[in-house]
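Visitor: Just need the structure, nothing else, for what follows:
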Amino acid sequence: MTFEEFFQKKKIDLKALASERPALFEEFKAHYEAMGEKSFDHTKKYWFNKLRRSYPLPVQETPVTETRKSTAAAVAKPARTGSETAPVASKPTGFKPRFKAGKTVAKPQPAEEAEEEAATANPAAATKPVSRPTGFKPRFKAGSTPSQKKDAGE
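Guide: Below is the predicted model of the structure:
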């Protein structure tokens, strides 16, 4: 990037700066050539806002801004005609399980049927002994863990 393009990018009128402050212009030009674009930008960045206010670039009306606006409007509001309408698929709502549950039908067994008939005829005689749940089972045996032995000296 050249010295002139750099100041154009920073929106500073280089011709006005050269005519009003030639010493500063020559200093900037020498420093730009010695440092390069990035170093010059970094070391002189505090000058640019003041110079931009003092020597602004003349505003140029370009059709580029108009085309940007028109393309932005075209993207925001696409024109539709009646023939272009496409059916919109609706999203399914609610929970959809990943797997289908199989149908389970419990068939009574012949022995259970006989017990049920006997229970309905004589409810006191047909009571089954209720089995208790097994409860908590530890995963280790109490005697298998090594116990800590206390020293006799303490």
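Visitor: What ranges in the protein fall below the confidence cut-off?
Guide: Low-confidence segments of the chain, defined by pLDDT under 70: 61-88, 92, 106-130, 145, 147-154.
Visitor: Gln91: neighbour count?
Guide: Actually, residue 91 is Lys. It isn't Gln. The number of residues packed near Lys91 is 5, by other Cβ atoms under 10 Å. Yep, even glycine has a C-beta here, placed from its N, CA and C like the rest.
Visitor: Quick check: phi and psi at Phe3.
Guide: Main-chain torsions, Phe3, degrees, to the nearest 10: phi -60, psi -40.
Visitor: For it, which non-adjacent residue is closest in space?
Guide: Among residues not flanking Phe3 along the chain, Tyr32 sits closest, at 4.9 Å (Cβ to Cβ, 6 or more residues apart in numbering).
Visitor: Tell me which helix or strand the one you found sits in.
Guide: Per DSSP states H and E, Tyr32 falls inside helix 22-35.
Visitor: What helices and strands are in contact with the very next helix or strand once past that helix?
Guide: Remark: after helix 22-35, the chain's next helix or strand is helix 37-43, criterion DSSP H and E. Helices and strands touching helix 37-43, by 3 or more Cβ pairs under 8 Å, 6 or more residues apart in numbering; DSSP states H and E, are helix 3-9, helix 22-35.
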